[in-house]
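Novice: Structure for the following, please:
(chains A and B)
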Amino acid sequence: MMMQHLPILQVILPLLAAPFAALASRRHWAWHLTLVATAGAFAISLLLLATILRTGTPIIYDLGGWPAPIGIVYVIDSASAFVLPVVSGIGFIATLAARHLVIAEIDARDHPLFFAAWLLTLAGMLGQVTTGDAFNIFVFLEISSLSGYALVAMGAGRDRRALPAAFNYLILGTVGATFYVIGLGLLYMLTGTLNLADLSVRLADVENLRPAYVALAFIALGLFLKMALFPLHLWLAPAYSHAPSAVTALMAATATKVSVYVLIRILFGVFGFEFPYMTQAVGGLLLTLGLLGAFVGTFAAIVETDLKRLFAQSSIAQLGYMAIGLGIMTSAGIAASFIHLFNHALMKGALFLALGVIAAQTTHLSLHTIKGAGRQIPMTMTAILLGGLALIGVPLTAGFISKLYLIRALIDSGLWAIAAVTFVSSALALVYVWKIVEHAWFTERPENAPVLTETPGQWAQAWILVLATIGFGIYAGPLVEAAFGAAQVFGPDIIQATQTIEGLQIIEGLEGQE
Amino acid sequence: MENIETLIYLLLGLPLLAAANTLLLARFENLRDGQAVLLGLVTAGCAYALYTSSTPVPETVTLVQIAPQLTLTFTPEPLGMLFALVAGSLWPLATLYTIGYMRGAGEKNHTRFMFFYAIAIHAAMAIALSGNLLTLFVFYEVLTFSTYPLVTHKGTPEAKQAGRIYLGILVTSSVVFLLFGVISVWMLAGTLDFASGGILADRMNPAYVPLLLGLFAFGIGKAALMPLHRWLPAAMVAPTPVSALLHAVAVVKAGVFSMLKISIYIFGIDFLAATNASDWLVWVAAFSILAASIVALSKTNLKARLAYSTISQLGYIVLGAALASPLAASGAALHIATHAAGKITLFFCAGAIYVAHHLSDIRDMDGLGRRMPITFSAFALGALSIIGVPPLAGAWSKLMLMGGAMQSEFLIIIFLLAVSSLLNLVYLGEIVLRAFFKSGAHSEGAMAEAPWACIVPLVVTALMSLGLFFAVDNFVLEFGGK
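Specialist: Numbers count the residues shown, from 1 in each chain, chains lettered A, B, ... in the order given. Predicted coordinates:
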């Protein structure tokens, strides 16, 4: 009977655990409670994914027994089941690491509040993915964002710049959420419903579409802001670099990804490929901004010397690639974005968790800090190296799979020039990753530099994600299938794409017989 | 007869085993280095067994399926088996030489060096036996990254700068052009498997073939086709064993081998010939051959001169691929083997001179031949083979390339090859003449050769150049042609 209620348990578990964590009288209790809640959430999301992969039919959960469109529904389909384990899995592993990172970086009195905000953020993100109701998305968006601002601000204990960064993040994040809800209001006015599935059906019957164009513009802009798409990305680097290390790892790996998911849901699930201006305006905008973001982020990372900022800038570039995938406006492109969403969560999670090991020991985490560190903290630096190689897209890492399918989707649609430019920007990632390699391994450690240390308890969480990055780089079949399955939720042309692949296989088979 | 599958696993696995042992035995120097030589010899034996095994049907070993249609697969075919034999048989010699050199020249970090050396050979073997373009690409990148620590081995600012150029050119070209080419082939042909006769004929608009070929020619930076050659002279900052095995044999040959393999098994010689798609590449390769030879003339650092000579000789193999005639392809394949034996000898000699006398400038080597007669005799043999003088192996491959140019009706190329041989004679002959017939600051004194571990390998490889001339029948491969 529990199985039936999994969709709601996915969200309610971390949500309910949050107040208890806040009330915990001893700081260990807060962490233990968080660990149990995130482990539970991860287990639930894996169960949901397994169920969806086995049956192939979506699970619709009527909240409070009220059927849609009157009540709110939670929908677990191939797309949401794909994203849930990413969020909850990273949440679980980041919680594992949070124990030592939070002890090192945050005042002991604040631990219960920290973990309460942590759980709320997770619950908000999981809620955005599970819900099938557009306004409910807004509610969860605010839950995750508000607690996220608090988490970033908690970096102030070590670095006062966390406060302006959190404030900036709050202002821009609120603008984004407001834009979303304005757009949603227009849609509600046009259709009288907030259920995502219902919206897409009723939108087809709307005669005067002009307000819908405005709604699309508002919602897209709001979500562009939340996913830090160039040029609306300026909040991201300060927020990530001044937040506590555990928060950076959690948010960099999941927060923007959930916004990408919501964008996919609204663009393709509600408006659909056929919606006027979709391909030309929205697609063209996503391609352009994605490409620009890829270059701007990469160049910013190349000149950056602060390591957390460096990888934050790289995130902007990587989000650019996801935007490019969506901008192609085919299911193959959406699948490529889903693949990269997953892989990038692994890579960035690994990188920021590994950086956390060093950040916990120094006040300022720059290239200078890691000079010659390759011998002092080999496991941590190797994790950063492997994560960096994955960012470049070196074969046998997950990043290569991402790049392969993104480029393939571009070429499939005849976008050769964009494919070529994407290649160039991905190759430039080598420059910023190699700065780190040269500093860590091929430079002597300065005499007066503090001795860095590492213990297996500190680097193990990063290595779980590193190994996953390599594992999904060598054996990506299930991931690719699941991502194409997720993309299939939104469009018809995926069927054509697979048909051509199968067609080719048939041709080969015939030739083999001759 | 032999079990092909086992041989494939052994060829891929033995270098990895050597690398693992290197780490485990880091504390016992002699044991650590001895096992590498021993495993190298076994690898060479396996490569020979694979090369001589006659299999009518190619056998395939699929290691892992990465994603639908994407597998890491190994399929030995004649060209790959030849390259595996070349890399495999020179590896134990180079390892023995490394021991003599690294200890003689007082280099540090031996374990790291030996580890990445073995990994690089593993990657070269995987490239040689690769059964599809994806496998080739994956291990091409593994080879790049595994040789980077060897290039920057010294850790000096100069070495780091060289490492940046090395990675910058090789990774950028491969990621931007080669991968683009690979994905394009995947799109066009729906498969990435190498197949005799190629897989692209009738699958693409002939007008775009030159463009696709260009993606490969300039994507495979390891082939050092001008203007992507800068990394090779830069890499000469590495200890000489690296220059010898990797930057005269494994790495650069992996580049030209890939180029040749792609033109034969992806495009197909007939398809290239029919579309005239590779005509432009003939001229680019010809330019690379001549220009690099002329630059070599101006270099007085021995390793720099040898590096430009290598660039020029790699041009021969690209030329062989571009000429798109069966004889030229066979000549290019043979040139992989003959140039490897010759050039590794020259680099071994350069290293031996450095170990024994700490000399690297050609002008300081006047009269040195009298003090290092074995080294310079071997150098002379290697040089003659590169120039293409019978009875040394290089003569055959040049002859076949000229024949190939005739087949493809590029008569002017024959003239160009002759001019290039003349240039080789000048810049390599100068060194031999100085060493034996002039006298200078270092000509007086007793005989002073490098340690035996350096001398034995260079004598063996010099004799290989000689032996190959007479045994050439076994190394001429037949490709395509209807």
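
Novice: my guess is residue A:80 is in a strand, correct?
Specialist: No: counting by DSSP: H, G, I helix; E, B strand; the rest coil, residue A:80 falls outside a strand, being helix.

Novice: does stretch B:150-159 come close to chain A?
Specialist: Yes: using CB under 8 Å from any CB of the partner chain, stretch B:150-159 reaches chain A at B:152, B:155, B:159. In this view, the C-beta of every residue, glycine as well, is placed from N, C-alpha and C.

Novice: which non-adjacent residue is nearest the first one?
Specialist: Nearest in space to residue B:152, with sequence neighbours left out and distances taken as CB to CB, 6 or more residues apart in numbering or on different chains, is residue B:163 at 3.8 Å.

Novice: Tell me how many other residues surround the one you found.
Specialist: Counted with other CB atoms under 10 Å in any protein chain shown, residues neighbouring residue B:163 total 27.

Novice: Could you do the one 10 residues further on as well?
Specialist: Neighbourhood size, residue B:173 [other CB under 10 Å]: 22.

Novice: same deal with the one 3 residues further on?
Specialist: Other residues within reach of residue B:176 by the criterion other CB under 10 Å amount to 22.

Novice: Please verify my assumption that it contacts residue A:423.
Specialist: Yes: using CB atoms under 8 Å, residue B:176 is in contact with residue A:423, at 4.6 Å.

Novice: rewinding a little: what about the residues of stretch B:150-159 next to chain A, which are in helices?
Specialist: Cross-referencing the residues of stretch B:150-159 next to chain A against helices under DSSP state H gives residue B:159.

Novice: For the residues of stretch B:150-159 next to chain A, pick the one with the most neighbours.
Specialist: residue B:152 (25 neighbours).

Novice: Correct me if wrong: that one contacts residue B:160.
Specialist: Yes: here residue B:152 reaches residue B:160: they are 5.7 Å apart, a contact under CB under 8 Å.

Novice: Can you pull the residues that touch both of these two?
Specialist: Taking CB atoms under 8 Å, 6 or more residues apart in numbering or on different chains as the contact rule, residue B:152 and residue B:160 both touch residue A:442.

Novice: Around the residue in the stretch 101-250 of chain A that chain B sits nearest to, how many other residues sit close by?
Specialist: Residue nearest to chain B within the stretch 101-250 of chain A (CB to the nearest CB): residue A:230, separated by 21.7 Å. The number of residues packed near residue A:230 is 22, by other CB under 10 Å.

Novice: quick one, phi psi at it?
Specialist: Here is the backbone geometry of residue A:230 (degrees, to the nearest 10): phi -50, psi 140.

Novice: thought it was touching residue A:298?
Specialist: No: with contact taken as CB under 8 Å, residue A:230 and residue A:298 are classed as non-touching, separated by 11.1 Å.

Novice: Look up how far chain A lies from the closest residue to residue B:293 other than its chain neighbours.
Specialist: Distances taken as CB to CB, 6+ apart place residue B:423 nearest to residue B:293, at 3.9 Å, with adjacent residues excluded. For residue B:423, the distance to chain A equals 35 Å [CB to the nearest CB, to the nearest Å].

Novice: With residue B:5 instead?
Specialist: Relative to chain A, and taking CB to the nearest CB, residue B:5 is found at 21 Å.

Novice: Do I have it right that that residue meets residue B:63?
Specialist: No: using CB under 8 Å, residue B:5 is not in contact with residue B:63; the gap is 11.5 Å.

Novice: quick one, which of those two is more surrounded?
Specialist: Taking neighbours as other CB under 10 Å, residue B:5 and residue B:63 compare with residue B:63 leading, 16 against 12.

Novice: what's the neighbour count on residue 154?
Specialist: No chain in the question, so chain A it is. Going by other CB under 10 Å, the residues that sit close to residue A:154 add up to 24.

Novice: Sorry, I should have been clearer: chain B.
Specialist: 17.

Novice: how much space between the closest residue in space to it that isn't next to it in sequence and residue A:245?
Specialist: Spatial nearest neighbour of residue B:154, chain neighbours left out: residue B:237 (7.0 Å); criterion: CB to CB, 6+ apart. Separation of residue B:237 from residue A:245 (CB to CB, to the nearest Å) stands at 38 Å.

Novice: cool, and residue B:146?
Specialist: From residue B:146 over to residue A:245 the distance is 32 Å, taken as CB to CB.

Novice: Just want to know which of the two has more residues nearby.
Specialist: Just comparing residue B:146 and residue A:245: by other CB under 10 Å the higher neighbour count belongs to residue A:245, 28 against 23.

Novice: Need the three-state assignment for the closest residue to that one other than its chain neighbours.
Specialist: Once flanking residues are discounted, residue A:245 sits nearest to residue A:356: 3.4 Å by CB to CB, 6+ apart. Here residue A:356 is recorded as helix under three-state DSSP.

Novice: Residue A:356 and residue A:243 touch, don't they?
Specialist: No: counting by CB under 8 Å, residue A:356 does not reach residue A:243; the two are 10.9 Å apart.

Novice: contacting residues for residue B:59?
Specialist: B:4, B:5, B:8, B:75, B:76.
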